[in-house]
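Participant: The following comprises the amino acid sequence and a computationally predicted model.
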2 protein chains.
Amino acid sequence: MSLATGERDLSTMLRPRSIALIGATDRSTWSKATFTNLTTRRYDGTLHLVARRGGIVHGRPAATSCVALGEKIDLGLLMVPAAAIEEALADLGAAGARNAVILTSGFAETGHDGATQQQKLAELARRFGMSLLGPNCLGFVNFLDDVPLWTGAIRAPSRPGPIAVISQSGATGGFIASLAQQQEISLSHLISTGNEADLDSTTFADHLLDDERVRAVAMFIESIRDAHHFAAVAQKAHAAGKPIIALKIGLSDVTARSAQAHTGSLVGDDRVFEGVCRQFGIVRVNSIEDLLFTAEVIRRTGVIGAKGLGLVSVSGGACEIAADRLQLDGVPLPPLPDATAKALLEVLPSFGTPHNPLDITGGAVLEPELFAKALKIMGHEPAFSALTCLFEVPATEAQASEFIVAALRQISLGLKDQPLPALMISHTLKPVTEVTQRIVSELGLPYVPAGIYHGLLALGRAWWWSAQQRREAPNWTAPAASKGPKEWPRTERQVLDHLARHGVPVVPATLATDEAKAVAAARRIGGPVVLKIASADIQHKSDIGGVALNIEGDEAVAAAFHRVMTAAPPGAQVDGVLVSPMRERGLELFVGCTRDPQWGPVLAVGLGGVFVEVLQDVALRVLPITPTEVRCMLGELKGAKMLEGHRGVPRADLDAVAVAIARIGDAAVALGSALDALDVNPLWVRGSHVEALDGLAVARAA
Amino acid sequence: MSLATGERDLSTMLRPRSIALIGATDRSTWSKATFTNLTTRRYDGTLHLVARRGGIVHGRPAATSCVALGEKIDLGLLMVPAAAIEEALADLGAAGARNAVILTSGFAETGHDGATQQQKLAELARRFGMSLLGPNCLGFVNFLDDVPLWTGAIRAPSRPGPIAVISQSGATGGFIASLAQQQEISLSHLISTGNEADLDSTTFADHLLDDERVRAVAMFIESIRDAHHFAAVAQKAHAAGKPIIALKIGLSDVTARSAQAHTGSLVGDDRVFEGVCRQFGIVRVNSIEDLLFTAEVIRRTGVIGAKGLGLVSVSGGACEIAADRLQLDGVPLPPLPDATAKALLEVLPSFGTPHNPLDITGGAVLEPELFAKALKIMGHEPAFSALTCLFEVPATEAQASEFIVAALRQISLGLKDQPLPALMISHTLKPVTEVTQRIVSELGLPYVPAGIYHGLLALGRAWWWSAQQRREAPNWTAPAASKGPKEWPRTERQVLDHLARHGVPVVPATLATDEAKAVAAARRIGGPVVLKIASADIQHKSDIGGVALNIEGDEAVAAAFHRVMTAAPPGAQVDGVLVSPMRERGLELFVGCTRDPQWGPVLAVGLGGVFVEVLQDVALRVLPITPTEVRCMLGELKGAKMLEGHRGVPRADLDAVAVAIARIGDAAVALGSALDALDVNPLWVRGSHVEALDGLAVARAA
């Protein structure tokens, strides 16, 4: 269980008026670095040094304890060895501090004993009413308010900005900041949360979303401690129109092992996290580069309209590379409508061709005005909802040739005052030097030097995020704790009845206890029927011969009744045989609900047969879900085309399917905390005829 | 048809002793840039200027024509307008030049008329015995021999090196060089081939592979002009142990349109090119960054052994990001064997855990020697075939802290004299500054500042390329031109016979012309049979009811015979009914051979049903292919797991399947130039029982 619940006021943590460095010593690289940061980077609060033996540290007198300081402290940074940490934390608490940051390692990341130690720290902090960051973290930097409480060298962009970075791993946080510096992507905060004994990254995200100066939150996540809080924060971000961009590890088994060793995190099921991202509009990325560039691109574009991208370049090759990328990244590149093509023909050189993407050709070398002219025309084309020009700003004065400078001036003119988000993206990833920065700021260029690859990937994510922002808010709340039904549905009939009670259409079925009743039931149904053995003791009926398919005629029904009844293994309690109409020539879906240890009930849907069994082609969400959400899930399936109809099976009525699946989710939730699994396999679909043909519910071992 | 065939001696093109700039003028940016490049970048041949009106150009006297120079010229660069180009080319030819480079645009890229004009240029060049580069190109740089014949600013690394860059697009070539400069990846050549009227990029690759100073060829490809030459060059590279790395566009329709407008290229079927890359060991990449970093990584590692990677980092977060990447990139990360884990335990701090990837922890800040110790131990672990340390070299003096410098020194020691390829990769993509370069060269660091994402992607490709190098050489030659069989196999029976003649196992089938013969045939077979109408006029037998499946017993066979016979549409010539044994409970593969306009006969294999129809899950190769190659193809299928057995179908005998498919390829090749399609659908597989159940051959319209 996480100790961090709900919103926490972290104002004094992130903006302390006084800080004590506890365990300060000239022998420690960390102590020196932190002292240097706080004294040279404009921190304007009071800084105290505490060292057990007192004396002079970093050229200043140090107190022997926090209590001995005789002053209230807002925040203490503990750098003492693990063995001395409890005493130091108690001293800090006794001195009335409200916030503790623990650098020290050797807790949950080392195994069970360390975890117990860490638990004690969290309890101690709680007893004193302190918020606790760490242990095993590197501190934080609040760039907006000049609080550089970081225990290493700070690499940071020249100006504070709107992007908050939260990283469980301190070193990785450092790498992110270092890249932000190199690319001049301005940050609001850099927070390393380490082992998260108390405050976790979700709690910081929650707090920072309330700060109007923060426009995007970029997170490096090893594990989510409080899944439902994370879902709430994601929805808060959606409502605020601020993207959360997540680099989350956990794909590989090796990673899971490694994360355990690193910050004591249990890495959750990656497929569930992937589903959560789609459900709550969290932008997931695969690299540190993409984490920052995506935040930066969305920060610049805001919500982009649903139409396509207009792209302008001076290189045909770049146009082609970009077009291939955009296809993969899901950004439409609409063809040029005639009027705009005609307008472009009038400005392009004779050997140019008006297309989207638009190659203005090497003619721009002779006539840089081509850039502005073409961009103005492209930007006013109603088929586009965003505009991008590929070009780059020099890194050195030597590279700033006459043509380059003239071209940049024209691009700046062309991108200015456009009625749609307009960016200039470099061809390859370029660092931002002082020369770059000067030119960018002089010309006011909306420059993203991420290169075509990362820049368009980020644009593709901005496109996806924009679509999520246009959707109605998820409005999701975790299911209330419930014990579930008084009687657990054990037999297939009971499961189908349970499903039906929650609005799931189920196949009609009659329980026949003798041959005559089976024949009568089959006659009532008319046409071919299915007979299945009815027994709470038998879960896999087909495997033992307990199912007879496609039976027609009294004699055949009677024979099948006996065949199926005698299939029961000795000792099984048999209720009889279920007789149902045979459903054929339909699409068969698999719908499986299970309990995720972090997220609670989740629902997976896939197409039957090889799609689930061989390709593991399923979409996943946390419950409850709406039919609208189910429609998104169906669209994610690799085999989605099957839903359009295939080999005599008509197109599926997606609305009807979506409602049925959402109801299955409700039925799973209704099973309460005892739910281990609720499978509907198959959910049969023929046009708008949707029916659960079989169901199985498994309760958790008590 | 391409004009470039076979090997060409490009020595005087790439190393001319004299150059004429034709159309030189002070008003042209290109002319000025080229003149500056040749006069300031150490070109030591003779440089002539030719301008129609003579006079002083770039401060030198210009001749009015090449002939007027009265000297033999090795190479002429033509920068005259399109209208004057023929005359200028003829003048150059008359002056005895052997090589022409044409910058001028406005040829095949503008459409049909331009293509005709371009064709004329190529013929003119041929008449004079000149090799022609361009038109619509930016020239080339031979870094190794100091020939900077480039018509724009040259961005280049400080030293020449072993990687040749060939780009159809001149501007894109420039972007590649610019990135190489930023990352200090040393190049041997930069060649832009433009419209490739005569010399194409394949011809340059062919030539450069003979240069022992060139160790890798990186290509930006819009289209392949001579597919078989390309295949030959790829095999030459394989034999030489030099990788070809290809960034080829053509994924999207938009790209195809765009490439046509750009250099007049017809972009081929991307799936065929993908198959070709796999078949001939060409490393395909998706970005300019990956093009260069992959070349650089393979250049450094050479062929890597088949075992796993050992990875060392000072950050747990980086370890996790890396582990996730490596899983996706196909690089194994073996767990640490006990002895090595034990050895590491002795050097790691108490809170460290010996794993692969190895987080040596922040303890390295106090004890940088940890790097060298850990790397030495990891490098000597026999489970690894390559070693990587994640760390980076500062960009500025200010970043070069005491710890960083000490750590780098230790990493350098730890990576030196290892028995396996050992690299240091940065956490994010970092430019190489002068400070970086100085440190790298002082410490002799094998540094790849590509970042985890691009660095490990490149390592994954190095891994794949190494596996290709370990495989036997493809030894592929294009099928000899042939007219094919005297009589085209029109009926199913004829197709199956054709297949059988080429060693494909086919299902036995008897042609029955009356009911009695059908019954007799079914009796001989025993068990259930299939009856199919036999008619060269009917291609889709099932659709019209011309197939009866699973028929057993004399009466049923007789009835089916009549049913099938009467299914023929009026006017169809019917030979009778084919009677075959019914094949069930097997895997059904689809094998389709078609003719690619560039590559000739190609073969696609996929699993039957939804795999091909819905998922388009096929692997593709150019014919002929060996059974070994087919095994690789089967392994590429998303549904490959099906071959291991599924739902009562036993595991397929892959050797038997591979031989049968390779033979189907032979049968397709034997159909010669008339082949439009040869489909075997299904190829039925049950264990080692493999049979073509149905076949269809379609001839090209005459």
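Facilitator: Received it, and whenever you're ready, just let me know what you need. Fair warning: this is a prediction, and the values are worked out from it, not measured in the lab.
Participant: for residue A:302, what are its contacts?
Facilitator: Residue A:302 sits next to A:241, A:421 when contact means CB atoms under 8 Å, 6 or more residues apart in numbering or on different chains. (Glycine included, C-beta is placed from N, CA and C.)
Participant: Would you check how far apart it and residue A:280 are?
Facilitator: 19 Å (CB to CB, to the nearest Å).
Participant: Ok, residue A:608 next?
Facilitator: 28 Å.
Participant: Look at the two and report which has more neighbours.
Facilitator: Neighbour count, other CB atoms under 10 Å in any protein chain shown: between residue A:608 and residue A:280, residue A:280 has more, with 22 against 18.
Participant: Now do the contacts for that one.
Facilitator: By CB under 8 Å, 6+ apart, the contact list for residue A:280 reads A:231, A:234-235, A:238, A:474, A:476.
Participant: Quick one: which of those is the most crowded by neighbours?
Facilitator: Ranked by the number of neighbours (other CB under 10 Å), the contacts of residue A:280 place residue A:234 first, at 24 neighbours.
Participant: is it true that that residue lies in a helix?
Facilitator: Yes: judged by DSSP: H, G, I helix; E, B strand; the rest coil, residue A:234 forms part of a helix.
Participant: how about the CA coordinates for stretch A:234-251, as CSV?
Facilitator: The C-alpha trace of stretch A:234-251 is given here as CSV (Å, rounded to 0.1, in the frame of the first residue of the first chain):
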residue,chain,number,x,y,z
ALA,A,234,-4.5,11.8,-15.2
GLN,A,235,-8.1,12.9,-15.4
LYS,A,236,-7.2,16.2,-13.6
ALA,A,237,-4.5,16.7,-16.3
HIS,A,238,-7.1,16.0,-19.0
ALA,A,239,-9.5,18.5,-17.5
ALA,A,240,-6.7,21.1,-17.2
GLY,A,241,-5.6,20.5,-20.8
LYS,A,242,-2.1,19.7,-19.6
PRO,A,243,-0.4,16.6,-21.0
ILE,A,244,1.2,14.0,-18.9
ILE,A,245,4.0,12.3,-20.9
ALA,A,246,5.3,9.1,-19.5
LEU,A,247,8.4,7.1,-20.1
LYS,A,248,7.6,3.9,-18.2
ILE,A,249,9.9,0.9,-18.1
GLY,A,250,8.7,-2.6,-17.5
LEU,A,251,8.5,-4.3,-20.9
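Participant: Which secondary structure state is assigned to residue A:49?
Facilitator: strand.
Participant: Surely it and residue A:24 touch.
Facilitator: Yes: Residue A:49 is within contact range of residue A:24, at 4.2 Å (criterion: CB atoms under 8 Å).
Participant: Spit out the residues that contact these two alike.
Facilitator: Contact criterion CB under 8 Å, 6+ apart; residues shared by residue A:49 and residue A:24: A:35, A:57-58, A:62.
Participant: Could you point out the helix or strand that follows whatever helix or strand residue A:564 lives in?
Facilitator: Using DSSP states H and E, residue A:564 falls within helix A:554-565. Going down the chain from helix A:554-565, the next helix or strand is strand A:576-581, by DSSP H and E.
Participant: Name every strand pairing with that next one and say which way it goes.
Facilitator: According to DSSP bridges, strand A:576-581 forms sheet pairs with strand A:510-512 (antiparallel), strand A:529-534 (antiparallel).
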